[in-house]
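# Below are the sequence and a predicted model; questions follow.
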Amino acid sequence: MCGVVGVVLPNRGHEAAGVAATALFALQHRGQESAGVGVSDGQHLMIYKDLGMVGQVLDERRIPSLAGDLAVAHCRYSTTGSTIWENAQPTLRLGPRRALAIGHNGNLVNTRELLDQLEGGRGRLPASTDTELLTALLADEPAADTVDALVRVLPRVRGAFSLVILDVERVIGVRDPHGFRPLVLGRLPVAPAADGSAGLWDDETGGWILASETAALDIVGAEYVRDVEPGEIVVLQAGREPVSVRYAAATPALCVFELIYFARPDSYMEGRNLYEARRQMGMQLAHEHPVEADLVMPVPDTGAPAAAGFAEASGIPYREGLVRNRYSGRTFIQPSQAMRQRGVNVKLSPLREVIRGKRLIVVDDSIVRGNTTAQIVGLLRRAGATEVHVRISAPPIYHPCFYGIDTAIETELIAATHTVEEIREFIGADSLGYLSVKGVLAGLDLPYDRFCFACFDGNYPEPVPYDVSSRKFVLEEPVVSGSR
Ligand code: SF4
């Protein structure tokens, strides 16, 4: 996944890095492995990045030393390249033609082909991410202007990429032609708010912000302007209106998982508030898989809106029976299975008074490998539940994602190798029901052709050209040189 932010904030104490870091806090759920910020003072680019959470890396001591009116920021969840300092973003490349810092949300699917196009090959890359490779290709491109370089390079790039790019004078937002990952444009306030209070950064020109989700605009008081369109480049410069350049025709396929699970419930996508969309999906789930029970219970936090919808549609009372440790990360995006397995008990504790002697409907948003759900069912049974009925507000995940979610390879996906009945048995539930693709669309009230549903139905909008098993470490394989 990853969260990205870009900020243009003229005439106001060179605070762009601070605003970008603040906005990035709202995107912490999108990546917890590393964080970083790139800043330009109009003459020089610099970056600061490290492994860790946003608050640990971009703390109050760090930000004042990053003065400038232009900034990009990034928090990482790895899909290409290991979790090492070198792979943290933004990338930075100071070349003879241009200086660039880039934050990338998504995952490229033709990394090997692009590597063949890089003069000097992999030895030139200081890190093993697809973003580093893309940064090098853009820095090498002979076109004098960064936007011209983008227009030449991007048509060769396949896969998912929502980018924030910093050169010395501009912040540039880019979305791939499918728009797999979201990217929104907002305006930082220029005038006092309606209630008479001052805007946070009210000056004569105001500023611009790009972010993965609208929740990041809210946290800095910015106003949503529009989505960056699939296939569009948006150029932001101090004191000017955004300039739009189209480099490819749009063939929209926004990741539907963003709406089901990944993005924050207070964010908006495709004109839908995601809490409300998930509540509607929960109502659909209740219609598709009704069952008699005493309580509807969410797996916190992400299962809560769908559980509320399920309770409303079924008329069964809603109760919270699992307490989440607020300071632990999300199970799904921790990078190793061992970490995921350790994670559950650290994260969830049962409320025995609520659970004991009850027939429960437990609502969650996905089952990937099945281990986490099995542990939750076990936790509830040990706490005294008499029945546990699991309801999932998404279809079964049959296929891997190549576009920026490290769901697992096909053989690790429990639905790819087991029937629903076998999964029920594995997780130890009394019954199991998944929402259908039709039910997701009914909940969203939007058509199928706006979205990518590939992990549910195998219909990949962008062909995936190489062996999946090595995709995450494609730039870490041994270099083969010469002949034997
Ligand atoms: S394959 Fe699944 S997770 Fe990946 S972009 Fe498509 S819908 Fe989203």
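That came through fine.
# got the residue ranges for the strands in the stretch 51-200 of the chain?
All strands of the stretch 51-200 of the chain, identified by DSSP state E, counting those that start in this stretch, fall at 70-76, 91-94, 99-105, 162-166, 171-175, 184-188.
# Pick the most deeply packed of these.
Across those, the average number of neighbours (mean count of other CB atoms under 10 Å) peaks for strand 70-76, which reaches a mean of 32. For every residue, glycine as well, the C-beta is placed using N, CA and C.
# looking only at pLDDT, what's the mean for it?
Over the span of strand 70-76, the pLDDT mean works out to 96.
# could you dump the strands of the stretch 51-200 of the chain to TSV with distance to residue 316?
Shown next, in TSV, are those (distance: least, CB to CB, whole Å):
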stretch	distance to residue 316
strand 70-76	38
strand 91-94	50
strand 99-105	38
strand 162-166	39
strand 171-175	41
strand 184-188	37
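# Any chance of JSON lines for the ones you listed, columns distance to the ligand?
Below are these laid out as JSON lines (distance: least, CB to the nearest ligand atom, whole Å):
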{"stretch": "strand 70-76", "distance to the ligand": "17"}
{"stretch": "strand 91-94", "distance to the ligand": "23"}
{"stretch": "strand 99-105", "distance to the ligand": "11"}
{"stretch": "strand 162-166", "distance to the ligand": "12"}
{"stretch": "strand 171-175", "distance to the ligand": "13"}
{"stretch": "strand 184-188", "distance to the ligand": "18"}
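# between those strands, which one is nearest to residue 248?
Nearest to residue 248, of all these, is strand 171-175, at 9.8 Å by CB to CB.
# mind listing what the closest residue to the ligand within the stretch 51-200 of the chain touches?
For the stretch 51-200 of the chain, the residue positioned closest to the ligand under CB to the nearest ligand atom is residue 180, at a distance of 5.1 Å. Residue 180 makes contact with 106, 159-162, 253-255, 403-404, 452, 461, according to CB atoms under 8 Å, 6 or more residues apart in numbering.
# pLDDT check: weakest of those?
When those are compared on pLDDT, residue 404 comes out lowest, with 87.
# count of residues packed around that one?
As a burial measure, the neighbour count of residue 404 was computed by other CB atoms under 10 Å and equals 26.
# Residue 160 is in contact with that one, correct?
Yes - under the criterion of CB atoms under 8 Å, residue 404 lies in contact with residue 160, with a separation of 4.7 Å.
# Mutual contacts of these two, please.
Taking CB under 8 Å, 6+ apart as the criterion, residue 404 and residue 160 both touch 105-107, 180-181, 255.
# bridging residues for the residue in the stretch 201-350 of the chain that the ligand sits nearest to?
The shortest separation between the stretch 201-350 of the chain and the ligand is 3.1 Å, found at residue 255 (distances taken as CB to the nearest ligand atom). Assessed by DSSP bridges, residue 255 has beta-bridge partners residue 452.
# is it fair to say residue 49 lies in a helix?
No - in this structure, residue 49 is strand, not part of a helix, as judged by DSSP: H, G, I helix; E, B strand; the rest coil.
# Kindly report the residues of the chain close to the ligand.
Where proximity means CB under 6 Å from any ligand atom, the interface of the chain facing the ligand comprises 180, 255-257, 401, 403, 405, 452-455.
# Lowest pLDDT pick from those residues?
When it comes to pLDDT, residue 405 is the least confident member of these, at 85.
# what residues are up against that residue?
Applying CB under 8 Å, 6+ apart, one finds that residue 405 lies in contact with 1, 79, 255, 257, 262, 455.
# Distance check, the fourth one against residue 176.
Residue 257 sits 16 Å away from residue 176 when distances are taken as CB to CB, to the nearest Å.
# Repeat that for the third one.
Summarising the geometry, the distance separating residue 255 from residue 176, computed by CB to CB, is 11 Å.
# Can you check which residues contact both of these two?
With contacts taken as CB under 8 Å, 6+ apart, the residues that reach both residue 255 and residue 176 are residue 160.
# List the contacts of the residue nearest to residue 229 when sequence neighbours are not counted.
Residue nearest to residue 229 in three dimensions, not counting chain neighbours: residue 250, with 5.8 Å by CB to CB, 6 or more residues apart in numbering. When contacts are counted by CB under 8 Å, 6+ apart, residue 250 is found next to 177, 179, 229-232.
# one more time with 6 Å, if that's ok
Counting by CB atoms under 6 Å, 6 or more residues apart in numbering, residue 250 touches 229-231.
# just residue 182 next, same as before
For residue 182, the set of contacting residues under the criterion of CB under 6 Å, 6+ apart consists of 212, 269.
# at 10 Å instead, please
Residue 182 makes contact with 4, 105, 162, 175, 211-214, 227-228, 254-255, 258-259, 262-263, 267-270, according to CB atoms under 10 Å, 6 or more residues apart in numbering.
# Same question for residue 370.
Residues in contact with residue 370, defined by CB under 10 Å, 6+ apart, are 412-415, 418, 422-423, 426-427.
# run the last query once more with 6 Å
By CB under 6 Å, 6+ apart, the contact set of residue 370 is 414, 426-427.
# Looking at the closest residue to residue 75 other than its chain neighbours now. What's its pLDDT?
Spatial nearest neighbour of residue 75, excluding adjacent residues (CB to CB, 6+ apart): residue 31 at 4.1 Å. What the model reports for residue 31 is a pLDDT of 93.
# Against residue 181, how distant is residue 31?
12 Å.
# Specify which residue of those two has the higher count of neighbours.
Neighbours were tallied for residue 31 and for residue 181 using other CB under 10 Å; the higher tally belongs to residue 181 (28 against 25).
# Verify the stated contact: the more buried one with residue 106.
Yes - counting by CB atoms under 6 Å, residue 106 is a contact partner of residue 181 at 4.8 Å.
# okay, and the common contacts of the two?
If you check residue 181 and residue 106 against CB under 6 Å, 6+ apart, the residues they both contact are 160, 162, 404.
# and the closest residue to residue 227 other than its chain neighbours, what is it in contact with?
Nearest residue to residue 227 in three dimensions, chain neighbours excluded: residue 184, at 5.4 Å (CB to CB, 6+ apart). Applying CB under 6 Å, 6+ apart, one finds that residue 184 lies in contact with 211, 214, 227.
# quick one: which of the residues you listed is most hemmed in?
Highest neighbour count within these: residue 211, with 33 neighbours (other CB under 10 Å).
# which residue sits closest to it in space, ignoring its chain neighbours?
Closest residue in space to residue 211, ignoring its immediate chain neighbours: residue 5 at 4.9 Å, by CB to CB, 6+ apart.
# could you give me the average pLDDT of stretch 216-224?
Here the average pLDDT along stretch 216-224 is 95.
# Show residues contacting it.
Identification of contacts with stretch 216-224 by CB under 6 Å, 6+ apart yields 19, 22-23, 26-27, 186-189, 200, 209, 211, 214.
# Tell me which two of the residues you listed sit farthest apart.
Taking CB to CB as the measure, these span a maximum distance of 20.0 Å, between 27 and 189.
# So the two - more neighbours on which side?
Between residue 27 and residue 189, residue 27 has the larger neighbour count (other CB under 10 Å), namely 28 against 19.
# Which residues are in contact with that one?
3, 75, 212, 216.
# which residues pair with the second one across the strands?
It stands for residue 75. So, taking DSSP bridges as the rule, residue 75 has residue 3, residue 35 as bridge partners.
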